[in-house]
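Trainee: Pasting the sequence and the predicted model now:
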Amino acid sequence: MKGVIIRSTGSWYSVRSEGDVFECRIRGKFRLTDIKTTNPLAVGDVVHFEFDEKDQTGVINKIEERQNYIIRKSINLSKQAHIIAANIDTAFLLATLADPETNIIFIDRFLVSAQAYKIPTIIVFNKYDLYSESQIAYMHELFSLYEKIGYPCIAVSAATGYNLEALKQLMHQKVSVFSGNSGVGKSTLINALEPGLNLKTGIISDAHSKGKHTTTFAEMHQLSFGAEIIDTPGIKGLGVVDMEEVNISIYFPEMLKTLSDCKYYNCTHTHEPTCAVKSQVESGLIAPSRYASYLSILDDSDETKYRQ
């Protein structure tokens, strides 16, 4: 039988096949080649399995090649990665400018990871109803910055319903993933899009203005308006895994356009003379905030400063 993993809780996988859901395990020492991850399978993977009618359980024995996937660094094993989801059509990165405020470097780190794994990304500024006039003005500045680079942006409010129909259109007939820091309202927004799901939501800690985790595992949901969504756990720090220092700049679209103008082919855009990237930062053609994010990724040992 063939199906799609819609839920993973560690040792068990829920696989949807021809409208039914089967609980499955993996066969023996199931490992993927060339990918060092803490989990061999993820939500969104297309797998083949055998189902035992007597035990009412299945055994996964094959995985089809992934179209793409997105990862984060393992919390306990810094040199290994954890696959969040696979075979994604669009990643929706949820950010908020109030209650809590999303760190811009976090946004850029996510975009770099998504770019590296060929996942189109749309930035969703949630909780629009809470923004002050100055925050709305800042949001429009971010719209201008990211849309110029090539990342569409949309402002929404789960509380008031603002722009939810427009968001549904962006999701239609696609497998989407909602990601972002805890507290940005992923589950609340999904509930607003599809009230019948009744996903568990959390509250914001008054002491730290950060969200408490409510989603403990990834899960794919079929939505009534012709879309599928993978709800993911809140991400405390999205690491950039397995990237060579010299290659990081190619995942910044605005930098990629100018790399050939650098004097040195292996320019790190930090100290080298005749660097086209630094020249464009100085002239304002590349945003200083994007360049700061690039430097923070180069200096990954300081990554914890930018976690939320």
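Mentor: Thanks, I have the structure now. Numbers count the residues shown, from 1 in each chain.

Trainee: which stretches of the chain have low pLDDT?
Mentor: 29-37, 73-80, 198-216, 233-246, 301-308 (pLDDT under 70).

Trainee: For the residue of it most remote from its centre, what are phi and psi?
Mentor: Taking C-alpha atoms, centre = their mean, the residue of the chain most remote from its mean C-alpha position is Lys54, at 39.1 Å. Main-chain torsions, Lys54, degrees, to the nearest 10: phi -70, psi -50.

Trainee: which stretches of the stretch 101-250 of the chain form strands?
Mentor: Counting by DSSP state E, counting those that start in this stretch, the stretch 101-250 of the chain has strands at residues 121-125, 153-155, 175-179, 219-223, 227-231.

Trainee: May I see those organised as a markdown table, with mean neighbour count and distance to Pro195 added?
Mentor: Quick note: C-beta positions are derived from backbone N, CA and C, even for glycine. Formatted as a markdown table, these follow (neighbours: other C-beta atoms under 10 Å; distance: least, C-beta to C-beta, whole Å):
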| stretch | mean neighbour count | distance to Pro195 |
| --- | --- | --- |
| strand 121-125 | 23 | 19 |
| strand 153-155 | 18 | 20 |
| strand 175-179 | 24 | 16 |
| strand 219-223 | 18 | 11 |
| strand 227-231 | 23 | 14 |
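
Trainee: how about TSV for those strands, with distance to Thr90 added?
Mentor: Putting these into TSV (distance: least, C-beta to C-beta, whole Å) gives the following:
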stretch	distance to Thr90
strand 121-125	6
strand 153-155	12
strand 175-179	5
strand 219-223	13
strand 227-231	10
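
Trainee: Can you tell me which of those strands is nearest to Ser11?
Mentor: Closest approach to Ser11 among the strands of the stretch 101-250 of the chain (C-beta to C-beta): strand 219-223, 15.8 Å.

Trainee: which residues make contact with that closest one from outside it?
Mentor: The contact list for strand 219-223 (C-beta atoms under 8 Å, 6 or more residues apart in numbering) reads 4-7, 16, 43-44, 171, 175, 190, 193-194, 197, 228-231.

Trainee: go on, stretch 247-256?
Mentor: Outside stretch 247-256, the residues that reach it (C-beta under 8 Å, 6+ apart) are 111-112, 115-116, 148-150, 240, 243, 259, 269, 277, 280, 285-287, 290, 294, 297-298.

Trainee: Can you give me the first-to-last residue distance of stretch 273-289?
Mentor: 21 Å (C-alpha to C-alpha, to the nearest Å).

Trainee: Can you list the buried residues in it?
Mentor: For stretch 273-289, the neighbour count (16 or more other C-beta atoms under 10 Å) marks 275-278, 280-281, 286-287 as buried.

Trainee: got those residues as TSV, with distance to Ala155 columns?
Mentor: Converted to TSV, the buried residues of stretch 273-289 look like this (distance: C-beta to C-beta, whole Å):
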residue	distance to Ala155
Cys275	35
Ala276	34
Val277	30
Lys278	33
Gln280	28
Val281	28
Ile286	25
Ala287	20
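
Trainee: Which ones among the residues you listed map onto helices?
Mentor: Counted as lying in helices by DSSP state H, out of the buried residues of stretch 273-289, are 276-278, 280-281.

Trainee: give me phi/psi at the residue lying closest to Leu145 once chain neighbours are set aside?
Mentor: Once flanking residues are discounted, Leu145 sits nearest to Ala287: 5.4 Å by C-beta to C-beta, 6 or more residues apart in numbering. Phi and psi for Ala287, reported as degrees, to the nearest 10, are phi -60, psi 130.

Trainee: Contact partners for the closest residue to Lys174 other than its chain neighbours?
Mentor: Spatial nearest neighbour of Lys174, excluding adjacent residues (C-beta to C-beta, 6+ apart): Asp89 at 3.8 Å. Shown in contact with Asp89 (C-beta under 8 Å, 6+ apart): 120, 174-176.
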